[in-house]
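> Give me a 3D structure for the following:
(one chain, ligands or ions: 1)
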Amino acid sequence: MSVSFPIESKDGLPVQLTLADAQDIESLKELYRVIVGEGNSYPHDGFPAHEEFMDYWFRGKKTVVAHVPDRERPDQMAGAFYLKPNWPGRAGHVANAGVIVAPEWRNQGLGRLLGETMLDYAKQFGYRGVIFNLVFSENLIARKSWEKLGFCQVGVIPGAIRKNDGAYQDAIIMFRSLVS
Ligand SMILES: CC(C)(COP(=O)(O)OP(=O)(O)OC[C@H]1O[C@@H](n2cnc3c(N)ncnc32)[C@H](O)[C@@H]1OP(=O)(O)O)[C@@H](O)C(=O)NCCC(=O)NCCS
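Predicted structure coming up:
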């Protein structure tokens, strides 16, 4: 199944969203390497080995990647999301998602576009809600972005995240129902 594309970002850039396949692995690795290096949004504290990366971003998931046509950086991935059940069985209708945007494409509407597409996609797959289970409390842009997409804070895990300086920050759990 493929999401409709191209889609314009708020700056009118044509964004191409496609279901990821094997040819996207290396580009997504490069993007996730940047995210891990920033250290302020995902739990890995070093770039994962290949198998762990594949488990985290591909296996058992629907993964959608975003490209913005750019002649200077034709292979560069602008963003991505994954969608998977957060739990098995009786709670398998609650999805978990991860959304990332490359630093150079941030604050141009791509995160919102990926988030909205992720929610549409989740509905199409029959999910009844989506949970972000580890939003770093100091990641204010992500918290604001998800609130704007209708997510509510449903919990706080005190000190769940170890920062580079050895201090700890909380993780926020955010939930969005997909049923009225
Ligand atoms: C969080 C993230 C996905 C948002 O993506 P983005 O493309 O930058 O977000 P958008 O441009 O769609 O902006 C979303 C909202 O946040 C606001 N925002 C984005 N960047 C901002 C900034 N630097 N300062 C203030 N507000 C900002 C926008 O105003 C926008 O609100 P609007 O829709 O009312 O205009 C992106 O910053 C990112 O990938 N960060 C690192 C990974 C991460 O944190 N992932 C989420 C983990 S829970």
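> which SSE is the residue in the chain that the ligand sits nearest to in?
For the chain, the nearest residue to the ligand under the criterion CB to the nearest ligand atom is G111, separated by 2.0 Å. Just so you know, the C-beta spots here come from the backbone N, C-alpha and C atoms, and that holds for glycine as well. When elements are defined using DSSP states H and E, G111 is found to belong to helix 110-124.
> Quick check: residues of the chain near the ligand?
The interface of the chain toward the ligand, taken as CB under 6 Å from any ligand atom, is made up of 35, 41, 99-101, 106-112, 132, 135, 139, 141-142, 144-145, 148.
> let's go with 8 Å and repeat that
Applying CB under 8 Å from any ligand atom, one finds that the chain approaches the ligand through 9-10, 35, 38, 40-42, 79, 98-103, 105-115, 132, 134-136, 139, 141-146, 148.
> which of those are buried?
Buried subset of the residues of the chain next to the ligand (neighbour count, 16 or more other CB atoms under 10 Å): 9, 35, 41-42, 79, 98-102, 105, 108-115, 132, 134-136, 139, 142-143, 145-146.
> And the strands in this structure?
Taking DSSP state E as the criterion, the chain contains strands spanning 7-8, 14-19, 62-67, 79-85, 94-101, 129-136, 152-162, 168-177.
> Which residue, other than its chain neighbours, is closest to K84?
When the adjacent residues along the chain are set aside, K84 lies closest to K61, with 4.2 Å between them (CB to CB, 6 or more residues apart in numbering).
> any idea how far the one you found lies from N86?
Taking CB to CB, to the nearest Å as the measure, K61 falls 11 Å from N86.
> Over to Y127?
When CB to CB is the yardstick, Y127 and N86 sit 9 Å from each other.
> Tell me which of these two has more neighbours.
Y127 (23 against 18; other CB atoms under 10 Å).
> Wait, that one touches S177, no?
No: assessed by CB atoms under 8 Å, Y127 is found out of contact with S177, at 10.1 Å.
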